[in-house]
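Enquirer: Sequence plus the predicted model coming up.
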Amino acid sequence: MICLFPTYASRNPSDQRWQVRVAGMLTKSLPPESRRRSMAMGLLRRVLELDAEQLASTIFQTRANAFLFDRLPRHTVQIKMGHEYRETCVTNRIGHFETTFDLDDEQCAQLCATSDSFNRSISYEASLDDSCTTSVLGRVHIVEDEGVSVISDIDDTVKVSNVRDRRELLANTLLRTFRAVEGMPDLYRKWEAAGVAFHYVSSSPWQLSNCLREFLNDSEIPLGSLHLKLFRLQDSTPLGRLTSRKRSKRRTIERILADFPKRRFLLVGDSGERDPELYTAIARSHADNICGVAIRQLPDELKMLRRQNKRLQRLAAKLPAGCMKVFSEASEIHDMLFLSTAAR
């Protein structure tokens with residue numbers, strides 16, 4: 001099975017051609033009689049105390065099966081855009097593949113789904129070299145070299161996950177319909193209508209890429225490039241910790257900033273884990289690119305809330321006045337993006 005990751009295209013500063021990135025992974029589902037499958041399912045059944053109905057539910061089967069596979073290294077994947085095969089790439093030792101190629105403005109315009117000056121994207125197909133009749137569709141978002149972008153977390157920022165409670169996190173990930181944080185889809189749509197581009201950088205594992213794309217689409221949250229965590233079953237128990245190190249997330253964000261040195265960025269996250277510390281560090285080291293930091297304050301007991309407030313106030317003091325905004329309701333940061341960019 002080929003899973004394609006939503007990526008972006010940026011201008012090559014040397015010749016102004018579009019540098020198009022394509023990435024994905026190639027896997028094979030574990031057979032029903034697999035010992036690894038039986039062990040993982042048994043562990044989840046015990047940890048989440050699942051009954052027979054929950055085990056058989058479509059949501060659980062779809063999400064759990066997303067983690068139960070063998071990776072396929074050293075396989076060739078063909079990339080087709082329009083009527084041409086543009087690139088051939090080979091999966092690495094963990095089944096992932098990534099490649100880039102260039103398009104000029106005319107080629108890009110011909111391949112784009114819309115003619116809007118913003119919110120453009122290119123659809124493409126990926127297939128195995130020995131089975132070109134079976135292909136998977138992917139998307140590359142075209143992001144101009146100037147403008148405003150939002151780099152957004154997903155869990156507990158736009159999607160209810162409850163990351164701080166591991167049991168609840170697993171239940172929200174594997175058992176329940178994904179739910180959007182109230183007000184965030186409407187806010188992001190308004191920003192998108194104003195020409196804002198989106199990059200979702202999350203600690204969720206790549207295995208949930210398809211599920212998260214469906215969630216964004218069903219919740220009418222603007223689509224954008226998706227940057228998730230590299231994850232393997234043996235990383236932790238059960239099914240991994242489902243969150244990643246701050247270091248990996250920082251590298252991803254800094255790569256986006258490097259690809260768009262003329263754009264301004266608003267960083268949006270939540271207080272649940274390390275977003276405030278990470279975003280503060282990035283805003284300090286990339287002051288010319290970061291126009292603001294927005295942190296969603298998660299509901300807490302009074303004692304914990306006081307501790308969180310002190311933490312966030314301490315971090316905000318390290319940034320220019322007004323750079324960090326802590327919010328509980330999406331409406332509180334509606335104007336933040338435009339006020340921040342206008343002030344620079």
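Expert: Thanks, I have it.

Enquirer: Distance check, residue 262 against residue 105.
Expert: Here residue 262 is placed at a distance of 17 Å from residue 105 (C-beta to C-beta, to the nearest Å). No exception for glycine: its C-beta is placed from N, CA and C like everyone else's.

Enquirer: Same check on residue 273?
Expert: Summarising the geometry, the distance separating residue 273 from residue 105, computed by C-beta to C-beta, is 41 Å.

Enquirer: Those two: which is more packed in?
Expert: residue 273 (20 against 11; other C-beta atoms under 10 Å).

Enquirer: How much space separates that one from residue 36?
Expert: 29 Å.

Enquirer: Helices of this protein, start to end?
Expert: Along the chain, the segments classed as helices by DSSP state H run 35-47, 52-56, 58-65, 105-111, 166-174, 184-193, 209-218, 246-259, 275-285, 302-316, 336-343.

Enquirer: Give me the mean pLDDT for the last one.
Expert: The one in question is helix 336-343. On average, the pLDDT along helix 336-343 is 66.

Enquirer: same deal with the shortest one?
Expert: What helix 52-56 shows for mean pLDDT is 92.

Enquirer: Quick check: bridge partners of residue 21?
Expert: Beta-bridge partners recorded for residue 21 (DSSP bridges): residue 100.

Enquirer: How about the contacts made by it?
Expert: Contact analysis of residue 21 by C-beta atoms under 8 Å, 6 or more residues apart in numbering lists 7-9, 98-100, 140.

Enquirer: hmm, try it at 10 Å
Expert: Taking C-beta atoms under 10 Å, 6 or more residues apart in numbering as the contact definition, residue 21 lies against 5, 7-10, 98-101, 140-141, 225, 259.

Enquirer: pLDDT below threshold where in this protein?
Expert: Residues of the chain meeting the criterion pLDDT under 70: 115-117, 129-133, 231-247, 301-303, 339-344.

Enquirer: care to break it down by domain?
Expert: Residue ranges of the domains in the chain are recorded as 2-28+72-142, 147-343, according to automatic domain parsing.

Enquirer: For residue 20, see how far away residue 83 is.
Expert: Distance, residue 83 to residue 20, by C-beta to C-beta: 16 Å.

Enquirer: and the two? which has more neighbours close in?
Expert: For the pair residue 83 and residue 20, the greater number of neighbours falls to residue 20 (25 against 5), based on other C-beta under 10 Å.

Enquirer: Could you find the closest non-adjacent residue to the more buried one?
Expert: Nearest residue to residue 20, sequence neighbours excluded (C-beta to C-beta, 6 or more residues apart in numbering): residue 9, at 4.4 Å.

Enquirer: who does that neighbour bridge with?
Expert: When bridges are called by DSSP bridges, residue 9 pairs up with residue 20, residue 142.

Enquirer: could you list every residue that touches it?
Expert: 17-22, 100-103, 108, 120-122, 140-144, 225, 259.

Enquirer: Mind giving me the PyMOL command for buried ones among the contacts of residue 21?
Expert: Restricted to the buried members of the contacts of residue 21, where burial is judged by 16 or more other C-beta atoms under 10 Å, the PyMOL selection command reads as follows:
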select buried, resi 5+7+8+9+10+99+140+141+225+259
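
Enquirer: Closest to residue 196 out of the contacts of residue 21?
Expert: When these are compared for distance to residue 196 (C-beta to C-beta), residue 141 wins out at 12.1 Å.

Enquirer: contacting residues around the closest one?
Expert: If you count contacts by C-beta under 10 Å, 6+ apart, residue 141 has them with 6-10, 21, 119-122, 197-199, 222-226.

Enquirer: Could you rerun that using 6 Å?
Expert: By C-beta atoms under 6 Å, 6 or more residues apart in numbering, the contact list for residue 141 reads 8, 121, 224-225.

Enquirer: One more: residue 318?
Expert: Contacts of residue 318 were listed using C-beta under 6 Å, 6+ apart, and they are residue 280.
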